[in-house]
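In: Sequence and computational prediction follow.
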Amino acid sequence: MKFLCASYRPPSPSPLQEAMTASSASSHKTLSKIASNRLQKELVEWQVNPPAGFKHKVTDNLQRWVIDVNGAHGTLYANETYQLQVDFPGHYPMEAPQVIFLQPAPLHPHIYSNGHICLDILYDSWSPAMTVSSICISILSMLSSSTVKQRPEDNDRYVQNCRNGKSPKETRWWFHDDKV
């Protein structure tokens with residue numbers, strides 16, 4: 001796994017780019033049959049064999065999962081619980097889900113105060129072979145390997161640039177840190 005130590009935000013989009021993004025976003029509101037089948041299968045597998053330290057909060061929305069994350073024993077996050085929100089695009093698993101921590105996000109060198117997570121498998125290294133369970137295990141591993149509770153160095157600048165609900169998937173992440 002590779003993590004981010006710095007990020008770059010592209011300049012504000014033109015009105016034409018914003019219209020194209022809005023059009024594209026609205027087309028992702030409905031899950032394809034492949035995405036729906038895949039998510040139903042993953043949900044059944046999760047219910048039978050959930051990853052240790054995680055609990056899916058059951059809702060009637062297959063496209064958005066809220067998952068409780070319990071910090072692993074013997075780590076800086078032991079006895080702490082956080083929540084992940086996983087939003088699935090219409091073309092999942094060909095496209096990565098958006099995964100963020102709900103507030104309050106854990107203090108971690110690769111987790112921004114707005115909940116955005118810099119983990120390469122959520123962006124550049126996504127593979128359709130990955131599952132919600134494998135994402136959760138990777139995030140728990142990232143948390144568990146941290147030796148310090150702190151925000152990324154560029155937290156304030158990044159969060160300021162993400163105002164108005166910008167997705168972490170709109171960020172051009174720079175992954176160069178394979179240690180926490």
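Out: Yep, it's here. Numbering: from 1, shown residues only.

In: CA atoms for contacts and neighbours, from now on please.
Out: OK.

In: So which residues of the protein form helices?
Out: Along the chain, the segments classed as helices by DSSP state H run 15-27, 33-48, 132-144, 155-161.

In: which one of those helices is the most hemmed in?
Out: Comparing the helices of the chain by mean neighbour count (mean count of other Cα atoms under 10 Å), helix 132-144 comes out on top with a mean of 18.

In: Enumerate residues external to it that contact any of its residues.
Out: The contact list for helix 132-144, computed with Cα atoms under 8 Å, 6 or more residues apart in numbering, reads 42, 46, 50-51, 54, 69, 71-72, 75-77, 108, 119, 121-122, 180.

In: switch the cut-off to 6 Å
Out: When contacts are defined by Cα atoms under 6 Å, 6 or more residues apart in numbering, helix 132-144 is touched by residues T75.

In: what angle sits between that helix and helix 33-48?
Out: Angle of helix 132-144 versus helix 33-48, following axes from the mean of the first three to the mean of the last three Cα atoms, to 10 degrees, is 60 degrees.

In: can you tell me how far A52 sits from Y123?
Out: Distance of A52 to Y123, computed by Cα to Cα, to the nearest Å: 24 Å.

In: now swap in Q150 and tell me
Out: When Cα to Cα is the yardstick, Q150 and Y123 sit 23 Å from each other.

In: more crowded one of those two?
Out: Neighbour comparison, Q150 and Y123: the larger count goes to Y123, with 19 against 16 (by other Cα atoms under 10 Å).

In: which residues touch that one?
Out: Y123 is in contact with no residue at all, counting by Cα under 6 Å, 6+ apart.

In: Tell me where the protein has strands.
Out: With DSSP state E applied, the chain shows strands at 3-8, 54-57, 64-70, 81-87, 98-101, 172-177, listed in chain order.

In: weakest of the ones you listed by average pLDDT?
Out: Set side by side, those show their lowest mean pLDDT on strand 3-8, which sits at a mean of 45.

In: ok, now which ones touch the spatially most central residue of the chain?
Out: Note on the chain: the residue nearest the mean C-alpha position is V99, at 2.0 Å, using Cα atoms, centre = their mean. The contact partners of V99, by Cα under 6 Å, 6+ apart, come to 85-86.

In: Turn the helices of the chain into CSV, columns for mean pLDDT and distance to G115.
Out: Formatted as CSV, the helices of the chain follow (pLDDT from 0 to 100; distance: least, Cα to Cα, whole Å):
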stretch, mean pLDDT, distance to G115
helix 15-27, 41, 21
helix 33-48, 96, 23
helix 132-144, 96, 12
helix 155-161, 86, 9
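
In: Pipe these into CSV and attach distance to P93 per row.
Out: Conversion of the helices of the chain to CSV gives the following (distance: least, Cα to Cα, whole Å):
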stretch, distance to P93
helix 15-27, 16
helix 33-48, 6
helix 132-144, 10
helix 155-161, 28
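
In: Alright, calling it a day.
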